[in-house]
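Trainee: Sequence and predicted structure, then a few things I'm wondering about:
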Amino acid sequence: MPGPQLAARPAAMLWPADDAAATESAQARERTSTLDVEGLYRRYGDMVLGRCRTLLGNDADAQEVCQEIFLKLHRYKDRFRGDASPTTYLFKVTTTTCLNKLRSRRRHPEDPVEDFATVPYDGDALLAPLELRDLVDRLLALADEGTQVCVLYHYVDGMTYDEIGEVIGLSGAAVRKRVSRFRHMLRNDPPAWLDEVPP
């Protein structure tokens, strides 16, 4: 992916890097002010769907949110300012849209709940599905939206504070502060997974 290099990321959580054979002119075209939504879908649709499955915990919601993401990108493609590469932008939009879906579920508990137990776990991911569900439940109950994004990128994707800052437009120190504040909220009942990702 253009932008921050997310080294040492678990295979299941990797956001795709651009092909080494990609030319400078192709990268320049990708940074134009209009998104090539069809190209992004062809190239990254499976990755977006996989991330939706990971964060949402079931296939039906993942399919729905994946479709919503690409429809939203198509609707607003002319508003893309090129501040980040399209792939970084897509990664951010996917995470934010999934969080919005999770918040909606929390407000409407009568809707069918997610089934994280059925999400495949390959052993390389930072958190097992039930640990991820616990993290999401705690995030939605305790943290503001900005902190939710920072904590997900750190604990789900294994991103450093500086990498997260590049994606969301904050300093690494500001990201560290948000993650530390969330960890502090859990000090009286710390889950086992809390220290599995180095700070």
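Mentor: Cool, the structure landed.
Trainee: just how off-centre is stretch 95-112 within its chain?
Mentor: With Cα atoms, centre = their mean, to the nearest Å as the basis, stretch 95-112 stands 15 Å off its chain's centre.
Trainee: Show me which positions of it end up buried.
Mentor: By 16 or more other Cβ atoms under 10 Å, the buried positions in stretch 95-112 come out as 95-99, 101-102, 105. C-beta coordinates here come from the backbone N, C-alpha and C atoms, glycine included.
Trainee: Centroid-nearest residue for the protein?
Mentor: Centroid check for the chain by Cα atoms, centre = their mean gives residue 95 as the closest residue, at 3.5 Å.
Trainee: for the helix or strand harbouring that residue, packing partners?
Mentor: Using DSSP states H and E, the element containing residue 95 is helix 86-107. Applying 3 or more Cβ pairs under 8 Å, 6 or more residues apart in numbering; DSSP states H and E, one finds that helix 86-107 makes contact with helix 37-56, helix 59-75, helix 129-142, helix 145-155, helix 161-168.
Trainee: So which bits of the fourth one are buried?
Mentor: The one in question is helix 145-155. By neighbour count with 16+ other Cβ under 10 Å, helix 145-155 contains the buried residues 147-155.
Trainee: Show me which of the residues you listed is closest to residue 62.
Mentor: Using Cβ to Cβ, residue 152 is the member of those that lies nearest residue 62, at 15.5 Å.
Trainee: Give me the distance between the closest residue to the closest one other than its chain neighbours and residue 153.
Mentor: Closest residue to residue 152 apart from its sequence neighbours, by Cβ to Cβ, 6 or more residues apart in numbering: residue 95 at 6.2 Å. Note on residue 95: its distance to residue 153, by Cβ to Cβ, to the nearest Å, is 7 Å.
Trainee: Next, show the common contact partners of those two.
Mentor: Counting by Cβ atoms under 8 Å, 6 or more residues apart in numbering, residue 95 and residue 153 have no contacts in common.
Trainee: Excluding chain neighbours, give the residue nearest to residue 136 in space.
Mentor: Nearest in space to residue 136, with sequence neighbours left out and distances taken as Cβ to Cβ, 6+ apart, is residue 102 at 6.0 Å.
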